[in-house]
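*Asks:* The following block contains a protein sequence and its predicted model.
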Amino acid sequence: MTGAGAVVETAPAKLNLTLRVVGRRADGYHELESLVAFADCGDRLSAHPSGELTLEVTGPFAAALHDAGAGNLVLRAARLLAQAAGVGRGAVLTLDKRLPVAAGLGGGSADAAATLRLLQRLWSISLPEPGLQALAAELGADVPVCLLGRPALMRGVGERLEPLPALPPTWIVLANPGVALGTPEVFRARSGPFSAAAPLWATPPRTAAELAGCLRRSANDLEPAARALRPQIDVVLSALAREAGCLLARMSGSGASCFGLFATPEEAEAAVRRLKAAQPAWWVQATPLLTGA
Ligand SMILES: C[C@](O)(CO)[C@H](O)COP(=O)(O)OP(=O)(O)OC[C@H]1O[C@@H](n2ccc(N)nc2=O)[C@H](O)[C@@H]1O
Ligand SMILES: Nc1ncnc2c1ncn2[C@@H]1O[C@H](COP(=O)(O)OP(=O)(O)OP(=O)(O)O)[C@@H](O)[C@H]1O
């Protein structure tokens with residue numbers, strides 16, 4: 001329930017459909033080339049007008065979020081926006097945490113981006129797009145793409161975004177084995193040569209099967225390091241790949257969440273039923289891909 005004057009935003013899960021690590025900057029951050037898209041499931045954020053800035057976290061993954069205080073990305077985004085826009089007001093914020101935490105689905109980044117959108121509405125302000133994107137980049141590498149919120153080719157450390165034409169209708173099964181994995185740990189553990197940048201496709205894919213075919217030409221370069229740190233990822237990937245109709249199984253971001261690509265909701269939902277029965281402790285969801293159409 002949201003009361004009078006409340007505004008609501010969704011914070012969709014981010015998927016790295018491909019992720020190439022193409023270099024490393026002098027400051028230690030890695031240069032990436034990643035096809036990013038979003039799933040139609042995520043956290044929910046609501047806000048009421050108030051003089052103070054407060055945050056309450058609810059939902060299935062509230063307890064997994066160790067920092068619901070000042071360090072939370074929602075409050076950091078709110079303070080940054082208020083400062084940049086010269087706003088003296090606050091908000092009573094409620095975050096319904098439905099995405100697993102430290103899971104490769106960009107939950108915190110999606111929440112930060114949703115906060116920027118939500119509070120602009122609540123405070124009746126509209127920052128110019130470049131200024132807003134700069135605030136997003138200050139909050140985290142994945143926040144700019146979450147602010148864009150549509151399929152995009154992400155380069156640099158996440159600040160160079162090329163919006164893409166709509167992707168074909170596709171169903172996603174998300175699976176997380178219930179083990180957290182921190183992004184810095186995975187980047188530290190990555191070894192081996194950097195990938196070369198590569199074109200995504202000659203012509204945009206028209207079906208889920210064609211999309212899977214294009215994605216197969218790239219990988220998630222963070223997968224080997226993440227799998228070595230959390231062997232449960234191997235179990236998730238092979239379980240997804242065995243499901244009837246699964247066109248591609250891959251890890252998202254720095255893990256440990258993985259996704260399977262399906263052409264139909266029936267196949268995706270049947271896979272979820274079987275995976276939940278076999279692995280009751282996993283978080284498993286079927287959801288459409290947000291195609292950007
Ligand atoms: C792996 C991805 O999720 C792919 O979309 C992102 O690159 C990570 O995005 P994020 O979680 O928003 O990352 P940040 O919170 O900015 O960075 C966390 C840490 O990950 C490492 N990091 C992050 C991004 C990047 N391109 N290179 C890095 O080496 C850095 O050690 C950094 O201190
Ligand atoms: N609102 C938030 N939601 C989730 N995590 C948050 C939030 N605010 C701060 N954090 C912190 O951010 C860290 C990363 O959490 P998040 O769920 O965004 O990871 P992730 O899904 O692996 O992100 P990415 O895909 O961007 O690497 C955690 O250590 C978490 O405590």
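*Replies:* That came through fine. Ligands and ions are numbered 1, 2, ... in the order given.
*Asks:* what about the strands in the stretch 51-200 of the chain?
*Replies:* Along the stretch 51-200 of the chain, counting by DSSP state E, counting those that start in this stretch, strands occupy 53-58, 90-96, 152-156, 160-163, 171-176.
*Asks:* Could you list the domains of the chain?
*Replies:* Domain assignment for the chain, taken from automatic domain parsing, gives 7-163, 171-290.
*Asks:* touching ligand 1 at all, the longest one?
*Replies:* Just to be clear, that refers to domain 7-163. Yes. Using CB under 6 Å from any ligand atom as the criterion, contacts between domain 7-163 and ligand 1 involve 16, 19, 29-30, 32, 34, 106, 109, 140-142, 157-158. Heads up, the C-betas are built off the backbone N, CA and C, glycines and all.
*Asks:* State the mean pLDDT of that domain.
*Replies:* Computed over domain 7-163, the mean pLDDT rounds to 96.
*Asks:* got the end-to-end distance for it?
*Replies:* With CA to CA, to the nearest Å as the measure, domain 7-163 spans 27 Å from end to end.
*Asks:* Can you check which helix is longest in this protein?
*Replies:* As assigned by DSSP state H, the longest helix anywhere in the chain is helix 107-122.
*Asks:* right, is stretch 55-72 up against ligand 2?
*Replies:* Yes. Using CB under 6 Å from any ligand atom, stretch 55-72 reaches ligand 2 at 65-67, 72.
*Asks:* typed the wrong thing, it's stretch 163-178
*Replies:* No. Figure legend: stretch 163-178 not in contact with ligand 2 (CB under 6 Å from any ligand atom); closest approach 9.6 Å.
*Asks:* where along this protein do the helices fall?
*Replies:* Going by DSSP H, the chain shows helices at 73-85, 107-122, 129-139, 143-148, 183-189, 208-216, 223-229, 232-242, 265-278.
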